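Undergrad: Kindly return the folded structure for what I paste below:
(2 chains)
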Amino acid sequence: DTAVSQTPKYLVTQMGNDKSIKCEQNLGHDTMYWYKQDSKKFLKIMFSYNNKELIINETVPNRFSPKSPDKAHLNLHINSLELGDSAVYFCASSPPGTLGLQETQYFGPGTRLLVL
Amino acid sequence: AQSVAQPEDQVNVAEGNPLTVKCTYSVSGNPYLFWYVQYPNRGLQFLLKYITGDNLVKGSYGFEAEFNKSQTSFHLKKPSALVSDSALYFCAVRPSYGQNFVFGPGTRLSVLP
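TA: Numbers count the residues shown, from 1 in each chain, chains lettered A, B, ... in the order given. Here you go, the predicted structure:
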């Protein structure tokens, strides 16, 4: 069973389009995250959500917006796509609870976005 | 500013030899330290973490890491490398409860048969 899943796996689109990437976790975790990994493999956190509230919002363009319809889902919407948005986007989740448990993240397989 | 450094972009080691992937960090307070591994076209997988207690932490697939507070390091080690260990390894730090994870730039490990 997939713990953290993302769709689509690959996304090729034109500049200026609006697209969404979906993320679902079946681990019962409270916190979910979005990361961007660029072509040099640098990994940067974009957003995190805890119980449907945005608790960390990194300095990403407001063209990017996370939306969480429920605790198990955190979708990433991107408006007016730009060439520089091409990257691999990873969703992750982490459990609630005591010190130590809180800190481990479980990652999805990634969505490879290519903007032409 | 909080940061994580992995000074080697690439580490090459022969199968059966010990391996070390280095990580140093710069954060305030008591950090939580992690290692993740990324295989080609896959998401990151958790290997091990240091939260508190014994400085030597053992994790998945025979990996271990040693927390050294005075040197602000958390090097990843394995006594005998396997070809299947070839992957991209990320060190990550969480400065304190509730704050962001900060990932290092990654080190590509190649284990040669």
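Undergrad: Only C-alpha atoms from now on, for both contacts and neighbour counts.
TA: Fine.
Undergrad: Name the residues that touch the least confident helix or strand in chain A by mean pLDDT?
TA: Comparing helices and strands within chain A by mean pLDDT, DSSP states H and E singles out strand A:53-57 as the least confident, with a mean of 72. Applying C-alpha atoms under 8 Å, 6 or more residues apart in numbering or on different chains, the external contacts of strand A:53-57 come out as A:46, A:47, A:48, A:49, B:99, B:100.
Undergrad: could you redo the last one with a cut-off of 7 Å?
TA: Residues outside strand A:53-57 that contact it (C-alpha atoms under 7 Å, 6 or more residues apart in numbering or on different chains): A:46, A:47, A:48, A:49.
Undergrad: which of those residues sit farthest apart?
TA: For the contacts of strand A:53-57, the farthest-apart pair by C-alpha to C-alpha is A:46 and A:49; their separation is 10.5 Å.
Undergrad: Pull the contacting residues for the residue most central in space within chain A.
TA: In chain A, the residue lying closest to the centroid (C-alpha atoms, centre = their mean) is residue A:34, at 2.7 Å. Contacts for residue A:34 (C-alpha under 7 Å, 6+ apart) come out as A:45, A:46, A:47, A:48, A:89, A:90, A:91, A:92.
Undergrad: Up against chain A, what does chain B have?
TA: Within chain B, the residues that sit near chain A (C-alpha under 7 Å from any C-alpha of the partner chain) are B:42, B:43, B:44, B:45, B:51, B:103, B:105.
Undergrad: so which of the residues you listed comes closest to chain A?
TA: Of all these, chain A sits closest to residue B:43, with 4.1 Å by C-alpha to the nearest C-alpha.
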